[in-house]
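# Task: produce atomic coordinates for the following.
(one chain, ligands or ions: 1)
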Amino acid sequence: MRAQDLIRTKRDGRELSESEIRAFIAGVTDGSVPDYQASALLMAVFFKGLSEGELSVWADAMTNSGRVLDLARVPGAKIDKHSTGGVGDKVSLCLAPLVAACGVPVPMISGRGLGHTGGTLDKLEAIPGFSTALSVDRFIEVVSEAGLSLIGQTDDLAPADRKLYALRDVTSTVESIPLIASSIMSKKLAEGIDGLVLDVKVGSGAFMKELGRARELARTLLGIGQRAGKRVTAFITDMNQPLGREIGNANETREAIDVLKGEGPDDLVDITLQLGAEMLLLGGVCQEQDEALQRMRAARKDGSGLAALAKCVEMQGGDPAAVHDTSKLPQAKWSRPVLTDRDAVLTSVDTERVGIAAMVLGAGRETVDDVIDHSVGVTMNVRLGDRVKRGDTLATLWYNDEERSQRSEQMLRGALEWSDQEVPPPPLVYEVLR
Ligand code: URA
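Next up is the predicted model:
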């Protein structure tokens, strides 16, 4: 393979052959394709795209660029969930234990937050002692015994993605649907799962701001998974405002635990039940959606979801007492209400800015090397369509640094738009693709 020939083929809008794609991904992984040629091909893909056939081979080559886990030791169909990310999205923390309690094992390899979006690993690490860096053997043991395990990416899983992602980041080729989809799916397929529920977020706090683009991403992800022989469903869900009320690591962990205790805000509960019911259907423990929803509700009511999380926390070195008593999670030194200065209806939320307001407090990272403060965050009291009166509390800031809290408040206020007119709240789920 001569990389310049592949670059020319794609530059001219022609198809790459299976052997060319496999040779390219292998060359990226072992370093024999230099960064400048890999970057040029990425740019050609950015402009010319990949056909379905090319994409399946590309994703498969990335999946097999490293280790693919063998979860045969764990009985039953293993089903994971992946969200494309947003603000206040703590669904994994309550969903995985409920699904595990209903008898479907959930092996979940997650990421960290960057910029306005949070990451599941950071939220879990708010639990004192919790380790997200387990060996693969230990990961499989925890999935077998607790029914779920949540860990971080290991070096030997889809290493081609790490190299390609780093190049995309510095060559402005991140925003390409085939490159995003193959990146996401290669990591998920390397987990050795049987099925996957995708939560593709759309709106002001999401990667995809428009429904058309979100639908294209969802279809592309679904296609890769299904052609790889997996059971996959994609939900397209709303990110035009934060999910739930809490933003920030300990705050979000607490809210997810509330859901497992039968409490929690309606939108978070609803999305958790819907995604979880789909996982039970894909896992084959239920045949009908109503039955699956009933099972999920029961696991919330009888405490079996909470028990599954406590078991997983204990097996991953964390303090299970913090699951039962969330006052043991880190708490910020100070809190302050943010009051409204008008009588009005909330008509629009720049959710990305709300996420940045939490990042400014220290809840998120501006760059990958930033250290986060698990205790700080924002509690939102208003949702789209709510009418407020002057002096109402629209949010509470939880903080450890006065200057940061001032900047965060400015940012938060600037993210909200008001009007005298009533507006209908957006739907929670736009579409479900199977
Ligand atoms: N998340 C990923 O894992 N990869 C992308 O390319 C974009 C988002």
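# got a list of what residue 37 touches?
Counting by CB atoms under 8 Å, 6 or more residues apart in numbering, residue 37 touches 3, 4, 7. Bear in mind the C-beta positions are built from the backbone N, C-alpha and C, glycine included.
# The same query, at a cut-off of 6 Å, please.
Going by CB atoms under 6 Å, 6 or more residues apart in numbering, residue 37 touches residue 3.
# Which of the helices or strands spans it?
helix 35-48 (DSSP states H and E).
# Likewise for residue 80?
Using DSSP H and E, residue 80 falls in strand 79-83.
# Could you report the neighbour count for the residue of the stretch 251-400 of the chain found nearest the ligand?
Closest approach between the stretch 251-400 of the chain and the ligand, counting by CB to the nearest ligand atom: residue 368, at 13.6 Å. If you count neighbours by other CB atoms under 10 Å, residue 368 ends up with 8.
# which residue sits closest to the most centrally placed residue in the chain, ignoring its sequence neighbours?
Of all residues in the chain, the one closest to the mean position by CA atoms, centre = their mean is residue 83, 3.5 Å from it. In this structure, residue 83 finds its nearest non-sequential neighbour in residue 199, 4.1 Å apart by CB to CB, 6 or more residues apart in numbering.
# is the one you found in a bridge, and if so with what?
residue 83, residue 235 (DSSP bridges).
# my read: it touches residue 85, true?
No - Residue 199 is beyond contact range of residue 85, at 9.2 Å (criterion: CB atoms under 6 Å).
# which of these two has more neighbours?
Comparing residue 199 with residue 85 by other CB under 10 Å, the one with more neighbours is residue 199, at 27 against 23.
# in the chain, which spans are strands?
For the chain, strands defined by DSSP state E occupy the ranges 79-83, 106-110, 148-152, 195-202, 231-238, 246-247, 334-339, 344-349, 377-380, 387-388, 393-399, 416-419, 429-433.
# Pull up the pairing partners for the last one, direction included.
With DSSP bridges as the criterion, the sheet partners recorded for strand 429-433 are strand 231-238 (antiparallel).
# do the same with the second one
Listed by DSSP bridges, the sheet partners of strand 106-110 and their directions read strand 148-152 (parallel).
# who's in contact with the strand it pairs with?
Counting by CB under 6 Å, 6+ apart, 96-97, 100, 106, 108-110, 121, 124, 132, 134, 139, 142-143, 312 sit against strand 148-152.
# run the last query once more with 8 Å
92, 96-97, 99-100, 105-112, 120-121, 124, 132-134, 139, 142-143, 308-309, 312, 315-316.
# on that earlier part again, the residue nearest to the centre of the chain reaches residue 90, doesn't it?
No - with contact defined as CB atoms under 8 Å, residue 83 does not count as touching residue 90 (10.0 Å).
# still on that earlier bit, got the contact list for the strand holding residue 80?
89, 91-92, 95-96, 99, 104-109, 184, 188, 191, 193-199, 201, 231, 275, 279, 282-283.
# go again using 7 Å as the cut-off
89, 91-92, 95, 104, 106-108, 184, 188, 191, 193-199, 201, 275, 279, 282-283 (CB atoms under 7 Å, 6 or more residues apart in numbering).
# try stretch 208-215
200, 202, 203, 217, 236, 430, 431.
# Can you point out the buried residues in that stretch?
Neighbour counts over stretch 208-215 (16 or more other CB atoms under 10 Å) mark 208, 213, 214, 215 as buried.
# Can you name the residue of the stretch 51-200 of the chain nearest to the ligand?
Residue of the stretch 51-200 of the chain nearest the ligand, by CB to the nearest ligand atom: residue 183 (3.4 Å).
# per-residue pLDDT, that residue?
At residue 183, the model reports a pLDDT of 96.
# Look up how far residue 165 lies from it.
The gap separating residue 183 from residue 165 is 6 Å, by CB to CB, to the nearest Å.
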